[in-house]
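> Sequence first, predicted model second:
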Amino acid sequence: MLLIDFGPLFPTLVSALLPFECLQSPFMQQALLGLMLLAPMAAIMGVQVVNFRMAFFADAISHSAFAGVAMGLIFAVNPHWTMLLFGLMVGLGIMVVQRRSSLSSDTVIGVFFSAVVAFGLAVVSRDRNAARDLQRFLYGDILTIDHDSLICLQILFVVIMLFQALGYNRMLYIGLNPLLAEAHRVRVAVYQYVFAGLLSLVVIFAVWAVGVLLVTALLIVPAATARNLARSAGSMFWWALLVSLTSAVTGLILSAQDWARTATGATIVLVASCWFALSLVLTCGRGRRQG
Amino acid sequence: MPETKNIAVIFEGVTVELGGVPILDRVTAQVPRGGCTAIVGPNGSGKTTLLLALLGQIPFTGRVVINREPGAAAPRIGYVPQRLAFDRGLPMTVMDFMVMGRQRLPLWFGCRSGYQAQALELLAMVQAEGIAKRQVGALSGGEMQRVLLALALQQKPDLLILDEPAAGVDYQGELIFCELLDRLRQQHSFTQLIVSHDLATVTHHSTYVICLNHKVMAAGPPRDVLTSETLTATFGLHMGLVASHAMPGAGPGCTAPCCTEKEDALD
């Protein structure tokens, strides 16, 4: 049973608010629910990913999916769970090394990135069936999201919203300058580790939905659009939320149209990219008026 | 040497090595409570490293003690960095910047009126009340330094640490900033520890000087320490200072209490 058992409420709501034929089937409604949980999480975490310039970090976590699948094969466990565990370990590992070494953060991430991809490919290259399995994670498939994953998404959604409600302002402080934040009694290390752990989990869930290739886009594009449109730190949050939700819903609906029949993840990212292009035009217009 | 209760910070044999290169070599010095202590030295002499050791941001051997007054709570630190390296494209107003460290309620729900009033009060204190609605990324160097000072004062600091606060600010701006600091220090009775390579500023505003070139070359009141010999030993060049009062028709005069008091004494 889902944490919040939507029962007949969710289908009724979908029928009333989004009366599209393609959204009436249960698997599409399941996918819609999954996206409505995942997209806001990715967007809000994305705001901080952009502020911390951590896009490469998200990339490394998403590519650890290969190694996660490989671990699943080695231990004969469902690769979904090994991906999550491995992603979390890589995320925290990067943060530990980053904080303790004098190497620049992109060098540390680059080393982890290469190691996890190499490990995954080395294991998977021994097994042809596994290579086929990997393709699923390259492109993702939100339409096959199962009941257990939806439960996990709901739990993660609650945890991330709590973290953001308690730590959004402090995370802004750290994003501006960690040394200044630490001197002014913000617990920088605690926030950084919790953020890295939660971000790793969001990234791995996003890999299931949109695939390794597009996961960074799901994090970055709404946040980058929000940055162009917002005028304050608070409004950036709302813009990111709006862009991610509208992109997810519109992308899902468009991808299911007979004339489109495109991959859902890719369509969502394309809609978000249109939002970004629009934000650029608006920013240029604003700049000209001010100039 | 001041009595222990009158000492705000004690550095005891502080040594820092980076990649085998000694940056600080058994630095032992004290920062008197309530005054303005300046750390001076040439580039690469370890001034900022000493501050980082004080802030616990760099591994070191030796001991750094931030002394608390008898019966007082743990000392609070306010920090003004040399230059805030941040993303200037970040959509953030000065008000957001001031409130983010105080307000728990996330900024997506706006700034609460109480915190806004406090922020405006602090901005007024540093003569920056008119810029609350401006974007942080659009501030000039001088405005940014004043906002950073307001942010540091928000901590109600016992110890205010400034790392070359006037770097990148013109002479007039620097003078105004130092005057402001002197007034605030007298009003709020905090200890000020400032890193500077500008000897004129140091002579003018500090009450205690630590000359540093990987190790402490001299420490004491500016009149005793800023001698031609010490400066030559510290900076490696033949240097000397001209007493500002001896200069005919010297430039813009300082109106800070420290200077007016000095002038009264001379009269």
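Ah, there it is. Nothing here was measured: the structure is a model prediction, and the numbers come from that model.

> contacting residues around A:Tyr193?
The contact partners of A:Tyr193, by Cβ atoms under 8 Å, 6 or more residues apart in numbering or on different chains, come to A:Leu92, A:Met95. Just so you know, the C-beta spots here come from the backbone N, C-alpha and C atoms, and that holds for glycine as well.

> Surely it is in a helix?
Yes: secondary structure of A:Tyr193 (DSSP: H, G, I helix; E, B strand; the rest coil): part of a helix.

> and the stretch 1-150 of chain A, which residues reach chain B?
Residues of the stretch 1-150 of chain A lying close to chain B (Cβ under 8 Å from any Cβ of the partner chain) are A:Asn51, A:Arg53, A:Ser102.

> quick one: contacts of stretch A:142-154?
A:2-4, A:27-28, A:30-31, A:33-35, A:37-38, A:80, A:205, A:208-210, A:252, A:264-265.

> now swap in stretch B:113-128 and tell me
Here stretch B:113-128 makes contact (Cβ under 8 Å, 6+ apart) with B:94-95, B:98-99, B:102-103, B:111, B:129, B:131-132, B:143, B:146-147, B:149-151, B:153-154, B:176, B:180, B:184.

> which among these end up buried?
Those of the contacts of stretch B:113-128 that meet the buried threshold are B:94-95, B:98-99, B:102-103, B:111, B:131-132, B:143, B:146-147, B:149-151, B:153-154, B:176, B:180, B:184, by 16 or more other Cβ atoms under 10 Å in any protein chain shown.

> Within reach of chain A, which of the residues you listed are there?
Okay, of the buried ones among the contacts of stretch B:113-128 touching chain A (Cβ under 8 Å from any Cβ), that's B:Val99, B:Gln103, B:Leu151, B:Gln154.

> The third one reaches B:Val99, doesn't it?
No: applying Cβ atoms under 8 Å, one finds B:Leu151 not in contact with B:Val99, separated by 10.3 Å.

> Can you tell me the closest non-neighbouring residue to the residue most central in space within chain A?
Nearest to the geometric centre of chain A sits A:Ala42, at 3.8 Å (Cα atoms, centre = their mean). Leaving aside its sequence neighbours, A:Ala42 sits nearest to A:Leu218 (Cβ to Cβ, 6 or more residues apart in numbering or on different chains; 4.6 Å).

> That neighbour - how many residues pack around it?
34 (other Cβ atoms under 10 Å in any protein chain shown).

> Now do the host helix or strand of it: distance to the chain's middle.
If you go by DSSP states H and E, A:Leu218 is part of helix A:215-229. How far helix A:215-229 lies from its chain's middle: 11 Å, per Cα atoms, centre = their mean, to the nearest Å.

> With stretch B:202-221 instead?
13 Å.

> Go through it and flag the buried ones.
Quick answer for stretch B:202-221 (16+ other Cβ under 10 Å): B:202-219.

> so how far is the first residue of it from its last?
11 Å (Cα to Cα, to the nearest Å).

> what's the closest of the ones next to chain A among the buried ones among the contacts of stretch B:113-128 to B:Phe86?
Each of those was checked against B:Phe86 using Cβ to Cβ; the closest is B:Leu151, at 12.5 Å.

> OK, contacts around that closest one?
Listed by Cβ under 8 Å, 6+ apart, the contact set of B:Leu151 reads A:Leu180, A:His184, B:Gly78, B:Phe97, B:Met98, B:Gly101, B:Leu122.

> Mind putting the residues you listed into CSV with pLDDT?
Listed next are the contacts of B:Leu151 as CSV, based on pLDDT from 0 to 100:
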residue, pLDDT
A:Leu180, 91
A:His184, 90
B:Gly78, 93
B:Phe97, 94
B:Met98, 95
B:Gly101, 89
B:Leu122, 93
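
> In strands only, show me those residues.
Secondary structure from DSSP state E places B:Gly78 of the contacts of B:Leu151 in strands.

> okay if I get the contacts of B:Leu151 as CSV plus distance to A:Asn228?
Shown next, in CSV, are those (distance: Cβ to Cβ, whole Å):
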residue, distance to A:Asn228
A:Leu180, 26
A:His184, 29
B:Gly78, 34
B:Phe97, 20
B:Met98, 24
B:Gly101, 26
B:Leu122, 30
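
> Tell me the buried residues in the helix ranked longest in chain B?
Scanning chain B for the longest helix, with DSSP state H as the assignment, gives helix B:171-188. Neighbour counts using 16+ other Cβ under 10 Å place B:Gly173, B:Glu174, B:Leu175, B:Ile176, B:Phe177, B:Cys178, B:Glu179, B:Leu180, B:Leu181, B:Asp182, B:Leu184, B:Arg185 of helix B:171-188 among the buried residues.

> Residue 115: which element?
All of this is about chain A. Using DSSP H and E, A:Ala115 falls in helix A:105-124.

> The chain in question should be chain B.
Per DSSP H and E, B:Tyr115 falls inside helix B:113-125.

> What angle do helix B:171-188 and that helix make with each other?
Interaxial angle of helix B:113-125 relative to helix B:171-188 (axes from the mean of the first three to the mean of the last three Cα atoms, to 10 degrees): 120 degrees.

> Report the buried residues of helix B:113-125.
B:Tyr115, B:Gln116, B:Gln118, B:Ala119, B:Leu120, B:Leu122, B:Leu123, B:Met125.

> Of the residues you listed, just say which sits nearest to chain A.
Taking Cβ to the nearest Cβ as the measure, chain A lies nearest B:Tyr115 of these, at 10.4 Å.
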